[in-house]
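K.L.:
Here you go, sequence then predicted model.
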Amino acid sequence: LAVGGWHDGYKNTVSKLVSNLGSPVKGIVGPWNHRYPHLAEPEPKIGFLQEALRWWDKWLKDIDTGVEIDPDYRLFVMDSIKPLRLLKSRPGKWKVFQKDMFETVSFEELKFGDGQLGKTKNISFDFLEVSSDTMVGAQAGEFFPYNFGPELPADQTLDDKKSLCFDSEILEKEKSIIGAPICKMVVSSDKPLSQLAIRLCDLRPDGTSALITHGFLNLTMSESFEEPKLLEAGKKITLKVCLDQIAYLLPKGHKIRVAVSSSYWPFIWPSPATPKIKVFSGSIMLPKSENIMKDIKMNFDGPVSGEAWNRVVKRSPSSTRHEFFDQTSEMYVIEVKNDSGCFLDCDHGLETDSDVVERWAINESDPLSANVDIDWNQSLKRENWVVSTKSQLSVSCSVDVFFIKGSIRAFKNEEKVFENFFNETVRREFV
C-alpha cells in the first residue's frame, strides 16, 4: 500500500510502484503535504489508519478485508484555485485508475511557437533565448512541505516574467492533466554546465499563474544520467524532461503556460556561470487519461487518531517565511523559520523544545554567491536537568567545489559536554 501527496516530495513514487510491481500493490495519492493522510493538509483528510489496518490484516493475518479488490490507484484530481502559500483545504474529486490503464495512456502534443503553445505552432525565428538570473525560483514551494505553514508554491507571475514562456489559447472546454507531462526540446548552450527548469502553469482569469507541476534537467545528463558529458558550446542537443506526476483540472476559460528557465534557486543549486541557452524547437506532451479514468464517491472512512496527547503547550508551533534584500551583503534572502513548539508531557514530565532557521541567500547576478545557513536547536528538560543540542550547517561554493561547514554542540544543564566541527570541500562534478 503506497500513499503519497501532490504537495509532497514523493509524488512520483506511488504511480511507479503501482505500474511496475508484480506483487499485490495499491496506491492512494491525495492533495497532501509530507504528513500521514489522517493528519495532512490540504484537506480532505482520510482514514489512513483504517486503510493501513485493512492492508495489514489481509497480508499478515489473512483476514478478508477486501483490499485486494480495491481500485489499483486512487487519486485526488485537484481543482484550480488561486495560488496561496498556505492552504488548509482544496476542492477536487477522487478518481480511480486500474493498473492496466498505465499502458493505454496517450499524449496530446502542444508545440512551442513565438511565445505561443498549440498543436500547429512553430518557432518562426532561428531560435529563442533564455538566460535567467538567479532570482527565478523564489516563488516555488518547499521540497518537503510538512510544517503546516507558508510552504506551498506562490503565484508564479514573478518567476514567469523572468522565464521564456509559451501560452496556449483560452481553453474552450475543461482539461484534466493526470500523469507526468513530458517536455521535448532542441537546445544549445554557450557554457559547459547548464540546467533547465520546466514549469507547467495554469493561467487563471483572475490574472494569477498557478503552478501545476514542474521538472528539471542537468543538461550534461541529457543523454545519460550515469555518464554525464560537458556541453560543447553551440552544439544542438535533443532532450526530454519528465515533469512530476500530477492530477489537476484546468477549467474552461483558462490558459496553459510552459515556462522555461535556466535557473531555479533555491530548489536546485545554480550552475557556476549564467548560461545563454538557445531554444530551436520544443513541445509539451500532456497525458490524456480522461476517457479511461472513473469517478468515485469518497469511500474512505473519516480520519481517526489515538487518544489526545496529555500535554501542556508552553509555546505553540509556528512556521514563517520572509523574503527580503540584505543591503549590507547585497543578497536576496529567503528566511524560513520552523518552530516545533515547546510541550510538557503531563504523564511522564518530559519537556521537549525544537526550532530551526534556514537562510537561503544569493546575489541576483552572481550564481557563485549562492549559500545556505541552517541553525537547529533542540532540548529535553525535566525538573532538575536539561539537555540540549545546537547544530549549524552552511553550504557555499566556488567554480570548482562546494564548501560544507558545520558544528554540533551538546549541553547538560548549560555546561558544554561535547562539540564537533567539520569543514569539508566536495568537488563540483557536472554541476
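P.N.:
Cool, the structure landed.

K.L.:
By mean pLDDT, flag the weakest helix or strand of the chain.
P.N.:
For the chain, using mean pLDDT, DSSP states H and E, the weakest element among its helices and strands is strand 294-295, scoring a mean of 70.

K.L.:
Direction included, what does the next helix-or-strand element following that one pair against?
P.N.:
Per DSSP states H and E, the first helix or strand lying C-terminal to strand 294-295 is strand 311-315. Strand 311-315 pairs in its sheet with strand 331-345 (antiparallel), by DSSP bridges.

K.L.:
now the next helix or strand after the partner strand against strand 311-315, angle please.
P.N.:
Following strand 331-345 in sequence order, the next helix or strand is strand 351-363 (DSSP H and E). Comparing the axes of strand 351-363 and strand 311-315 via axes from the mean of the first three to the mean of the last three C-alpha atoms, to 10 degrees yields an angle of 40 degrees.

K.L.:
Report the buried residues of the next helix or strand after strand 351-363.
P.N.:
Scanning forward in sequence from strand 351-363 by DSSP H and E, the next helix or strand is strand 366-381. Buried residues in strand 366-381, counting neighbours by 16 or more other C-beta atoms under 10 Å, are found at 367-374, 376, 379, 381. (Glycine included, C-beta is placed from N, CA and C.)

K.L.:
okay, these in JSON lines with distance to residue 258 and pLDDT next?
P.N.:
Conversion of these to JSON lines gives the following (distance: C-beta to C-beta, whole Å; pLDDT from 0 to 100):
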{"residue": "367", "distance to residue 258": "24", "pLDDT": "97"}
{"residue": "368", "distance to residue 258": "29", "pLDDT": "98"}
{"residue": "369", "distance to residue 258": "29", "pLDDT": "97"}
{"residue": "370", "distance to residue 258": "26", "pLDDT": "98"}
{"residue": "371", "distance to residue 258": "31", "pLDDT": "98"}
{"residue": "372", "distance to residue 258": "29", "pLDDT": "98"}
{"residue": "373", "distance to residue 258": "34", "pLDDT": "98"}
{"residue": "374", "distance to residue 258": "33", "pLDDT": "98"}
{"residue": "376", "distance to residue 258": "38", "pLDDT": "98"}
{"residue": "379", "distance to residue 258": "48", "pLDDT": "98"}
{"residue": "381", "distance to residue 258": "52", "pLDDT": "97"}
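
K.L.:
circling back to that earlier point, which residues touch the least confident helix or strand of the chain?
P.N.:
By C-beta atoms under 8 Å, 6 or more residues apart in numbering, the surrounding residues in contact with strand 294-295 are 93-96.

K.L.:
What's the first helix or strand after the lengthiest helix in the chain?
P.N.:
Ranked by number of residues, the top helix in the chain under DSSP state H is helix 48-61. Using DSSP H and E, the next helix or strand after helix 48-61 towards the C-terminus is strand 73-79.

K.L.:
List the pairing partners of that following strand within its sheet, with orientation.
P.N.:
According to DSSP bridges, strand 73-79 forms sheet pairs with strand 27-30 (parallel), strand 92-97 (antiparallel), strand 246-250 (parallel).

K.L.:
for the shortest one, what is the average pLDDT?
P.N.:
Which is strand 27-30. For strand 27-30, mean pLDDT is 96.

K.L.:
just the second one next, same as before
P.N.:
Strand 92-97 shows an average pLDDT of 91 in the prediction.

K.L.:
Name the residues that touch the helix or strand just after it?
P.N.:
For strand 92-97, the following helix or strand on the C-terminal side (DSSP H and E) is strand 106-112. With contacts defined as C-beta under 8 Å, 6+ apart, strand 106-112 is touched by 117-123, 128, 166, 168, 182, 185, 256, 258, 279, 281-288.
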